[in-house]
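*Asks:* can't give you the sequence, but here's the structure:
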């Protein structure tokens, strides 16, 4: 391995490590600031899930045995669902200390997110490895029919989260906006 590539991989690891450490610290500091607040608890969940997603994402392109790399790719998708779910949930509950979740949230969104997350671990989302690059990394996979459910749910959760935040900003007074 050339020194340049080795240094770039070290920078890669350093940047992922710093991002993960920052998210975990911010999540726990926020949580311990007021552990009774639903916003703080959801933010901690988001920080932990996003950190695990970042680690697994980093590992997915560092692992060379194809079987392990393929499993890591599936785990990236698994944690991507939960990351999107907690982004949506944080947007839904912020800045409340207490909230009553709607029946739609409890009986549709949570089960749908759970099913989709576990679906990503099956061949229904990624069927198999289609191509391996010259350096031994997975360069292409064959998607299964479950990729559409994954894409639709993650898109819905992200857009829904953005819409919730925009509506809360527009509908808030000056003090709450800050």
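*Replies:* Arrived safely, thanks for sending. None of the values given here were measured: they were computed from a predicted structure.

*Asks:* residue 140: which element?
*Replies:* Using DSSP states H and E, residue 140 sits within strand 138-143.

*Asks:* and the contacts of that strand?
*Replies:* Contacting residues not belonging to strand 138-143 are listed as 66, 69-70, 73, 125-133 [C-beta atoms under 8 Å, 6 or more residues apart in numbering]. Every C-beta, even on glycine, is put in place using the N, C-alpha and C of the backbone.

*Asks:* go again with 6 Å.
*Replies:* 69, 126, 127, 128, 129, 130, 131, 133 (C-beta atoms under 6 Å, 6 or more residues apart in numbering).

*Asks:* just the closest of those residues to residue 77, please.
*Replies:* residue 126 (7.3 Å; C-beta to C-beta).

*Asks:* from the contact counts, what lies against the helix or strand hosting residue 169?
*Replies:* Here residue 169, judged by DSSP H and E, is contained in helix 146-171. With contacts taken as 3 or more C-beta pairs under 6 Å, 6 or more residues apart in numbering; DSSP states H and E, helix 146-171 sits against helix 66-93, helix 110-119.

*Asks:* let's see 10 Å
*Replies:* helix 66-93, helix 110-119, strand 126-132, strand 138-143, helix 174-177 (3 or more C-beta pairs under 10 Å, 6 or more residues apart in numbering; DSSP states H and E).

*Asks:* tell me the mean pLDDT for it?
*Replies:* On average, the pLDDT along helix 146-171 is 94.

*Asks:* next, the angle from it to strand 138-143.
*Replies:* 90 degrees (axes from the mean of the first three to the mean of the last three C-alpha atoms, to 10 degrees).

*Asks:* quick one: residue 93 from residue 75, how far?
*Replies:* Remark: distance between residue 93 and residue 75 (C-beta to C-beta, to the nearest Å) = 26 Å.

*Asks:* just to revisit the earlier point, give me whichever of the helices and strands packed on helix 146-171 is most buried.
*Replies:* Comparing the helices and strands packed on helix 146-171 on average neighbours per residue, with mean count of other C-beta atoms under 10 Å, the densest one is helix 66-93 at a mean of 20.

*Asks:* identify the farthest-apart pair in the contacts of strand 138-143.
*Replies:* Top of the distance list for the contacts of strand 138-143 (C-beta to C-beta): 127 and 133, 18.8 Å.
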